[in-house]
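Colleague: next input, structure requested:
(chains A and B)
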Amino acid sequence: MNISKDDKIKLAQRIAWMAAGFALIMAVLLIANFAQTKLNKPIDNKTIPELVKRLSENPGDETLKTEIRAFDLMARKAYFTSQWQIRTGIYLMFLGVIISILAIRYILAAKSKLNEIDSVEKVNELDKLVAQKWVIYVGSGLIALALGSGFLASNSLKDYMVNENIAVQEEKPVETAVDPAIQEQASTPVDQAVPVAVPTTTENAVSSNVPAETNATVVPAATIAAKPAGLPTQAELKANYPFFRGPEGDGVAFQKSTPTDWNGAGGKNVIWKVKVPKAGFSSPIIWGNQLFVTGADAQSRVVYCYDKTTGKLLWEAAADNIEGSPAKMPKVTADTGLAAPTMATDGRAVFAIFATGDVIALDMSGKRLWARNLGVPDNHYGHGSSLIVYKDKLLIQYDTNKSGKLIALDTQTGTTAWETARNSKISWSSPILVNTGSRTEVILTTNPNVNGYDPQTGKELWNIACLSGEVGPSAGYAEGMVFAANEYAKLVGIKIGGGTPEIVWEADEFLPEVSSPMAVNGLLFIATTYGVLACYDAKTGTKNWSQEYGDAFYSSPVYADGKVYITDMTGKTHIVKASKDYQLIGTPELGEKAVCSPVFQDGRVYLRGMNNLYCLGK
Amino acid sequence: MNQLKRYFLLISVMLYGAIQSFAAEAKQRFPKPEFDTGYVQPHTTAPSPRYMLLQYFDVLVLLIVLSVVTWFVLKKRSRKGVFWTSVFSLLYFGFYREGCICSIGSIQNVVLGMVDPTYAIPFTALLFFLLPLIFSLFFGRTFCAGACPLGAIQDIVAIRPIELPKWIQKVLGLIPYLYLGLAVLYVATKSEFIICRYDPFVGLFRFDAPYNMLILGILFLAVGVFVARPYCRFFCPYGVLLGWMSKFSSRHMTITPAACIQCKLCSNSCPFGAIDEPVVETGKRRSNVNRLMTYFVLLPLWIGIGGFAGSMMHVPLSRFNQTVYLAEQIIEHPEVKNDPKNIDVRTFMSSGKSTEQLVQEADTIRRQFYWGGWLLGGFMGLVIGTSLINLSKFRKREDWEPNKTNCLSCGRCMDYCPVKKEE
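Modeller: Here you go, the predicted model:
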């Protein structure tokens, strides 16, 4: 059968039209699909969040869980079906376009052997002149555009670097942390404390490397317990609150009848409230009737001692005239400041460290025992690791940008008992002491290791590389398991004691950035900077529950009297039952921002806000 | 023709809407499902590289294709042969090899090899870069005619080409130089392979592309129905290098196989405006010479001002560098540090670096852009200055001849010439 050229052209025309029509139909269907999914997005299904909300109110409802899963599956099916339809539709549409183009090309080729292009009228010399003119216009326009955008563009990198330098020159890095709105609350009716304004006396330091001039306020001797002899016993430590995150630094407070209801702004259950003269992010520590915090600014670094019962400032002591202490404050960020590390005490003396690298030991009456500078830490946020005491040794984590080390100072003299170099990057975690049954270890987290050291000799007992990034959270510990985590890394459960330590489980769903893990009664609690408190099974790493509060957690969870206390950055303390099921007990508010962890003693909570220190309870 | 234009406009609009729906949905990802059954999410795996032998096979294919298309252009003078060779290249280098490796992108490998001593340029990439240039140096841009998949896909859709006025061609013709300069700058600062990232057709070859690039590719094709090979003529950075080589080609294709009989049949045959017509000098010779001399004198000024303007652009230009972008993002929006969905910030946070270190790194890169901006701006000033000189130069020409720099050696004009090769 011979098909004429005309017939071939007609056939090609029909094919071209049909293919084009097909492509058009596919395009219309795709647009309709788009409109439909735009109006009713499976991912925005309102039912699931509503059901999840109901589930959070009633976590044990299995029927609700099944219902959520069914809805979730349905939404996913709808989404992926829609995706398949779109993909297939696009392929078919392309097919139609290609066939149509081929048919059109055939028609054009068949109709005419040579296809002349649609030409413009040309006058060579004139065209050249016009082209020159336009090249000049466009060239000048490009240059003007480049100059204009260059002038208008702000170089935030330069601004940042310049601003940082200004901050150093002005020596006021921590003052930005002070919220003027909060300062005004210092004269509220509940402020029962009387600031002590007494002349300073000159004290001679015990340590030979301390200059003669030191400042300390007069101490009302009657309020201070007599110095006990020897080393503190475990019972003594547990009865007090000597370190960051409790007697063992692991977030467990051995206290009973802890309060659950207060309101800092309204004065409800506020026993006393005082304004701490200088800013600081160190949490309080308590021994006997004395409570200690630190504060600092570019002018001075100070230890404050308060009467735990009344909030009266008993004494204050400046960490000044220390050999090696820098004249110019190191550059620190506003959210770390110069007084971030929490102090430590053994009941015989109190110890404090500042971002300058100054370490000071004071007796319980505020008299300087010794002081020394460890070298200004090269720390781009500011030194943040808290102190802890093991027998007669003050343990200091000193991981900086230059090197990492764990230092033990003699608590009596301040001389170096031992110093262990650490193969670590800079970190901000604090040491914790754990008793594995066979020995006591000091545990530290850093990038990349979790390490165990002998606190007596400083010998590294073990290490496991499992972390990364800028490690802020300290380790948690309970029943032979160490817990370490960091945001952008992972959460690990490490079994120690009885053999080589090993990671027994890992998780990465909820990771803390600053807040430390806390484990108790087979449960592990993690608080994140994106406002989630999560509870895991400490043995297996299985998540029991998670609760999103919305506001960031910088402070660490603390266990007391069957409850877990965690304070968010707005000052709300979320109190939950320490159990496998989520049960909220209360959400009392401080009335000001807070990043410090709550401290418990004698049925009261001591909590430091951005400006004020509170004693809460009845 | 108007009907055709309407038809393609309609299709373009439909495609736009449809693809938008695809891309919009692609952004709406569901979070990972939560499993209570101990299910472990599989790790992401990277595809293994192509076997070395097959990489050399690609080079062999390129060499064969270049030889065949050169033979079709110079010996057989067959437009049909050139066209079907380009279809093969489209299928092989485009759809089968998914647009990679390609000579256009190899510019970046070569530049990186020159600026980064730790980077060893793959020999196959070097060959992909050099072979078309060598062929161009001797035979003209036969690579563009039949070996480039990007050219081939545009050539197929060039159904109703129109001729653009000279001034538009000249102005748009500046873009490839700018693109080339930017590509070199971004590679030299180890920022980005922008030629690959913004390849408008690779998404079509792979049936998978980011929304914007898919739309860009379709728009190039839609425009290419009327303005033949818009990417090749007004964007391709490799075309700049090929043009430079081709300018000196000794065996470039000719419109006529023998003496031109001045029939003018070829005058409207080139959809790329790459045929130079016979010219005789018009106007006053003195004013023409004065203009040319003025442009010569102004050339250093163009270079200087261009360099300064380029250096002024270093801040916005450097924002395409990921380190600079990340540093500025963290400075201007510190809250992103707490955004678990921001992959770049998460990666930075897990690196252990401080913000200060990041800012210092970014500042170093920005200073590189400052000096790179001088070079880029100076280069563009040189291009603009020499364009003006070329436009004011007079060269007597008596026949219709392919412009060696711009001619893509597609062979269309050969079919129009009534003079046939003597056997």
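
Colleague: every contact and neighbour count from this point should use C-alpha atoms.
Modeller: Noted.

Colleague: can you list the domain ranges for chain B.
Modeller: Taking automatic domain parsing as the reference, chain B has its domains at B:11-19+B:55-257+B:411-416, B:285-392.

Colleague: for residue B:58, which three-state class applies?
Modeller: Following DSSP: H, G, I helix; E, B strand; the rest coil, residue B:58 is assigned to helix.

Colleague: burial of it, as a residue count?
Modeller: Other residues near residue B:58 number 18, with proximity taken as other C-alpha atoms under 10 Å in any protein chain shown.

Colleague: what about it, distance to residue B:113?
Modeller: The gap separating residue B:58 from residue B:113 is 21 Å, by C-alpha to C-alpha, to the nearest Å.

Colleague: which of the helices or strands spans residue B:421?
Modeller: Here residue B:421 sits in a region with no helix or strand, counting by DSSP states H and E.

Colleague: got a list of what it touches?
Modeller: Residue B:421 makes contacts with B:257, B:258, as judged by C-alpha atoms under 8 Å, 6 or more residues apart in numbering or on different chains.

Colleague: again, but for residue A:403
Modeller: A:421, A:422, A:423, A:424, A:425, A:426.

Colleague: tell me, how many residues neighbour the residue nearest to the third one when sequence neighbours are not counted?
Modeller: It refers to residue A:423. Excluding the flanking residues, the one nearest residue A:423 by C-alpha to C-alpha, 6 or more residues apart in numbering or on different chains is residue A:404, at 6.5 Å. Burial of residue A:404 is recorded as 19 neighbouring residues (other C-alpha under 10 Å).

Colleague: quick check: beta-bridge partners of residue A:404?
Modeller: Beta bridges link residue A:404 to residue A:422, judged by DSSP bridges.

Colleague: wait, it sits on residue A:419?
Modeller: No. In this structure, residue A:404 is not within contact of residue A:419 by C-alpha atoms under 8 Å, at 10.4 Å.

Colleague: got any ranges where the stretch 1-150 of chain B has weak pLDDT?
Modeller: For the stretch 1-150 of chain B, the stretches with pLDDT under 70 are B:1-44.

Colleague: now the helices for it?
Modeller: In the stretch 1-150 of chain B, the segments counted as helices under DSSP state H, counting those that start in this stretch are B:2-27, B:52-70, B:79-89, B:103-115, B:123-139, B:142, B:149-157.

Colleague: using PDB, write out every CA atom in the last one.
Modeller: Once side chains and other backbone atoms are set aside, the C-alpha atoms of helix B:149-157 remain, and they are given as PDB (Å, rounded to 0.1, in the frame of the first residue of the first chain):
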ATOM      1  CA  PRO B 149      23.500  16.700  24.500                       C
ATOM      2  CA  LEU B 150      22.500  20.100  25.700                       C
ATOM      3  CA  GLY B 151      22.800  21.500  22.200                       C
ATOM      4  CA  ALA B 152      21.000  18.400  20.700                       C
ATOM      5  CA  ILE B 153      17.900  18.700  22.900                       C
ATOM      6  CA  GLN B 154      17.600  22.400  22.000                       C
ATOM      7  CA  ASP B 155      18.300  21.700  18.300                       C
ATOM      8  CA  ILE B 156      15.400  19.300  18.200                       C
ATOM      9  CA  VAL B 157      12.800  21.700  19.500                       C
END
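
Colleague: tilt between it and helix B:103-115?
Modeller: Interaxial angle, helix B:149-157 versus helix B:103-115 (axes from the mean of the first three to the mean of the last three C-alpha atoms, to 10 degrees): 160 degrees.

Colleague: contacts for stretch A:609-618 next, please.
Modeller: A:177-179, A:182-183, A:186, A:258-259, A:261-262, A:264, A:269-276, A:279-281, A:308, A:311, A:571, A:590, A:592-596, A:603-608.

Colleague: give me that answer again for 7 Å
Modeller: A:178, A:182-183, A:259, A:262, A:269-276, A:279, A:592-594, A:603-608 (C-alpha atoms under 7 Å, 6 or more residues apart in numbering or on different chains).

Colleague: just the buried ones from the residues you listed?
Modeller: For the contacts of stretch A:609-618, a burial check counting by 16 or more other C-alpha atoms under 10 Å in any protein chain shown picks out A:182, A:259, A:262, A:269-276, A:279, A:592-594, A:604-608.

Colleague: please flag which of these sit within strands.
Modeller: Secondary structure from DSSP state E places A:270, A:271, A:272, A:273, A:274, A:275, A:604, A:605, A:606, A:607, A:608 of the buried ones among the contacts of stretch A:609-618 in strands.

Colleague: tell me what the fifth one is bridged to.
Modeller: When assigned by DSSP bridges, residue A:274 has beta-bridge partners residue A:613.

Colleague: and it, how far from chain B?
Modeller: Distance of residue A:274 to chain B, computed by C-alpha to the nearest C-alpha, to the nearest Å: 31 Å.

Colleague: give the contact list for the residue lying closest to residue A:495 once chain neighbours are set aside.
Modeller: Nearest non-adjacent residue to residue A:495, counting by C-alpha to C-alpha, 6+ apart: residue A:481, 4.6 Å away. Contact analysis of residue A:481 by C-alpha under 7 Å, 6+ apart lists A:493, A:494, A:495, A:496.

Colleague: compare these and tell me which is most surrounded.
Modeller: The residue in the contacts of residue A:481 with the most neighbours, by other C-alpha under 10 Å, is residue A:493 (24 neighbours).

Colleague: which stretch among the helices of the stretch 1-150 of chain B comes nearest chain A?
Modeller: Distance to chain A, taken as C-alpha to the nearest C-alpha, is lowest for helix B:2-27 among the helices of the stretch 1-150 of chain B, at 4.8 Å.

Colleague: sorry, back to before: tabulate the contacts of residue A:481 (JSON lines), appending distance to residue B:288.
Modeller: Below are the contacts of residue A:481 laid out as JSON lines (distance: C-alpha to C-alpha, whole Å):
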{"residue": "A:493", "distance to residue B:288": "84"}
{"residue": "A:494", "distance to residue B:288": "85"}
{"residue": "A:495", "distance to residue B:288": "89"}
{"residue": "A:496", "distance to residue B:288": "90"}
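
Colleague: could I get the pLDDT score of the spatially most central residue of chain B?
Modeller: Closest to where the C-alpha atoms of chain B average out (C-alpha atoms, centre = their mean) is residue B:236, at 2.2 Å. Reported pLDDT at residue B:236 in the predicted model: 97.

Colleague: want to throw the helices of the stretch 1-150 of chain B into a markdown table with distance to residue A:546?
Modeller: Output for these, formatted as a markdown table (distance: least, C-alpha to C-alpha, whole Å):
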| stretch | distance to residue A:546 |
| --- | --- |
| helix B:2-27 | 27 |
| helix B:52-70 | 51 |
| helix B:79-89 | 57 |
| helix B:103-115 | 48 |
| helix B:123-139 | 52 |
| helix B:142 | 65 |
| helix B:149-157 | 53 |
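
Colleague: most tightly surrounded among these?
Modeller: Among these, the stretch with the highest mean neighbour count (mean count of other C-alpha atoms under 10 Å in any protein chain shown) is helix B:142, at a mean of 34.

Colleague: list the buried ones in stretch B:269-280?
Modeller: B:269, B:270, B:271, B:272, B:273, B:274, B:275, B:276, B:277.

Colleague: what's the following helix or strand after the longest helix along chain B?
Modeller: Counting by DSSP state H, the longest helix found in chain B is helix B:355-392. Counting by DSSP H and E, the next helix or strand C-terminal to helix B:355-392 is strand B:401-402.

Colleague: for the residue nearest to residue A:495, list each beta-bridge partner.
Modeller: Applying DSSP bridges, one finds that residue A:481 bridges with residue A:478, residue A:495.

Colleague: pretty sure the residue nearest to the centre of chain B contacts residue B:177?
Modeller: No. Assessed by C-alpha atoms under 7 Å, residue B:236 is found out of contact with residue B:177, at 8.6 Å.

Colleague: distance of residue A:81 relative to chain B?
Modeller: Separation of residue A:81 from chain B (C-alpha to the nearest C-alpha) stands at 12 Å.
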